[in-house]
Structures are given as C-alpha cells and as structure tokens.
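A.B. asks: Build the 3D model from these lines:
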Amino acid sequence: MLLALFYWRCENQAFFLRILMDIFEPWPSIELLTPCLYTVTEKLDGSNLCLSITDGDFRIFTRQGKNAFDVIPILKKHQELFTPVRNAFERELQKSPLYSVLPNFGKKAVGFNIYGEFLNFLNMKRIKYCPPKEALFKIFGASVVFSEGEGKSSYRLLFPEVEKLLESLGLKDSYLVPVQERHVSISEIFSRRDFCINSAYGNARVEGWVFHPESSGARTYKLKTPEFFERLASQKKRETNGKNSELADLYVSFFTESRAFSVKSKFGSITAANLGEAVAAFLQDVREEASKTNPELIYFFYSEEAFKINQKTFALMNRFKEEV
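C.D. replies: Presented below is the predicted three-dimensional model:
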C-alpha cells in the first residue's frame, strides 16, 4: 500500500525506481508505520548510550544494560562530555512540579533516563563527526522516572517534548541530534524529491533516518541508506544451494567496514593486545542487530556456515590494527 501511494505520487516510473533503489533501504515493518506526523532526524553511526540519573545516582549504560565504561574504554577520556547534561538534569530534579519545564504530570520526578549516541572521529570513515581526539554526545530521547509507592514508574517523552526540554535546559544546540524534518507524514516523505539525504556533518550522505512519532501510540522507526549494507569486498558468490545459502548471504551482509570502524571507535585503537576482544565485540554487535532485524538468523548463528563467516572477522578487524 505504501509503495502504491509512493508510485502514484511520483511523476514517472524512472524517478520512482531511482528513489527506491538509490536512497531508501527499508527496515522490517516500515510499511506498518502509524499514520501520524513524525519528526525525522539523522541516524548517527555511534555507540548507543543511556545516561541514568535516579535518586542522586549517575550511571552510563550501553544498550545492553552494561556499564559503558567497561565496554567502551575510550569513553573514560571524554567523561567531561556528559557533565553539562548531568548538571542540567539534576538541577531540574530539584524543582517542584509547579516550576519544572516538564509536562505537568501532577507528581515530582525523581530521575531521568537520557538516550543518545556517543560519536568520535573513528565512528564512520565516510562521515567525520568531529576532529581527531574529540567526541560528541547527541540526544535523541529521554524518559522521566517517578516514585510510585515502594517502586518506580517511567514515562517516555515524545521527541517534540525532548527537544523542548533540551532547549529549556540550554542543551539543545550542543546535544540534540540533527533534525531533518518536522510535522511530516509518511506519504509526504515518500513522495518528495527534496527529502534531505545529506549529513549535517560535512559533505556526505546520511547513514539513514529515524522517524519519531509526534503523538503517543506509535513506534519509532528507522531507514538506512543502501551503502551502509555493503558486504565484504572479498566475499565470493556462494555455490551452496537452498535456504542456508540465502541465510549466509544475509548474515555476511552485516560484516561491513562501517561496523568495524564503529567497534574500533569503542576501543580507541586496535592493537595486538586487544584484537581478540575487538573481534568478539564485532561478532556480538552483528548478532544483536541481526537477531533484531532478521529473527530467522538466530538459529543460523550456530551453523558451520556461520562459523566460517565469523572467521573473516579477524581479517576485517586486523586491517585497523595499529603497530606499537
């Protein structure tokens, strides 16, 4: 239905095919987007973090819920990056509901979870987010934590609420993810020729887009540009027939240089001492994303074919090893 609407809006079939094949790479269920208005932001190639501030306790977690400083060693060099965010949100927690910039929940907040991407110059070779030895933290979401009797509850802010909150706290210019579009419907996005495909960081194509619903009851979705699904250049055409061959081709599509750069950014540098750890981190990242977007791969992970593909990880990460 979505593609039919897209085709109907385009002036000719050639333009339709060019847009579909050259720009958009849909993630699963993208056609099920709720018919509401969305804010579109640039999808950044970084390390997903959650800053947790609850009852005076400040912690930083990875998307797997692990201590970020243990998983991403280079993060320790950029701890000052999170200080303004922590200070601003902790000041907000000291206010009464009457004077808070939060939506009126009728009760006092006791904490925040702030979601964002940690970026440095190693994250993506095509997009240089910042100069060497510097880093960025870009916020794309937040939730408010309340005390509920002996337990706690939380409310996930809509993106317009996050943007308004960051602006009130003086953090918007430095910490909000780049916004591409506001108040747009999916049919409008897929029918326009001028939809932005350029990154906010230099002369490069975006990794993709994130669609944030502006009303409750809808999910957040992503789209990636096709070149961020590139396969290993040395990968040869498979001769194996049947379902396993299809799964192998799908699995190997996650073994990309862009992912290797992302893993390298977490370690700062790849050396002989941490090469094995980097390889393990790469495979863990592959399995987590592959299982979310392609559940049929979960059982394939343990096959002999997958084991052979995994061995290519060493050669891929070894390209970025630095001699010491």
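A.B. asks: switch to C-alpha atoms for all contacts and neighbour counts from now on
C.D. replies: OK.
A.B. asks: Give me the mean pLDDT for the strand or helix carrying residue 61.
C.D. replies: Element membership for residue 61, per DSSP states H and E: strand 57-62. Strand 57-62 shows a mean pLDDT of 92.
A.B. asks: and that strand, which residues are buried?
C.D. replies: For strand 57-62, a neighbour-count test (16 or more other Cα atoms under 10 Å) marks 60, 61, 62 as buried.
A.B. asks: And the contacts of the helix or strand following it?
C.D. replies: Proceeding N to C from strand 57-62, the next assigned helix or strand is helix 68-71, under DSSP H and E. For helix 68-71, contacts defined as Cα atoms under 8 Å, 6 or more residues apart in numbering pick out 49, 60, 61, 62, 75, 76, 266.
A.B. asks: next helix or strand past helix 68-71?
C.D. replies: Later in the chain than helix 68-71, the nearest helix or strand by DSSP H and E is helix 83-93.
A.B. asks: which strands and helices sit next to that following helix?
C.D. replies: Packed against helix 83-93 by the contact rule (3 or more Cα pairs under 8 Å, 6 or more residues apart in numbering; DSSP states H and E) you find strand 109-120.
A.B. asks: Identify each buried residue in the following helix or strand past the strand it packs on, please.
C.D. replies: Per DSSP H and E, the first helix or strand lying C-terminal to strand 109-120 is strand 135-148. The neighbour-count check on strand 135-148 (16+ other Cα under 10 Å) flags 135, 136, 137, 138, 139, 140, 141, 142, 143, 144, 145, 146 as buried.
A.B. asks: what sits opposite the third one in the beta ladder?
C.D. replies: When bridges are called by DSSP bridges, residue 137 pairs up with residue 118.
A.B. asks: Any stretches of the stretch 201-324 of the chain with poor pLDDT?
C.D. replies: In the predicted model, the stretch 201-324 of the chain carries pLDDT under 70 at residues 225-244, 322-324.
A.B. asks: Correction: the previous question concerned the stretch 51-200 of the chain.
C.D. replies: For the stretch 51-200 of the chain, the ranges with pLDDT under 70 are 98, 104, 121-126, 190-195.
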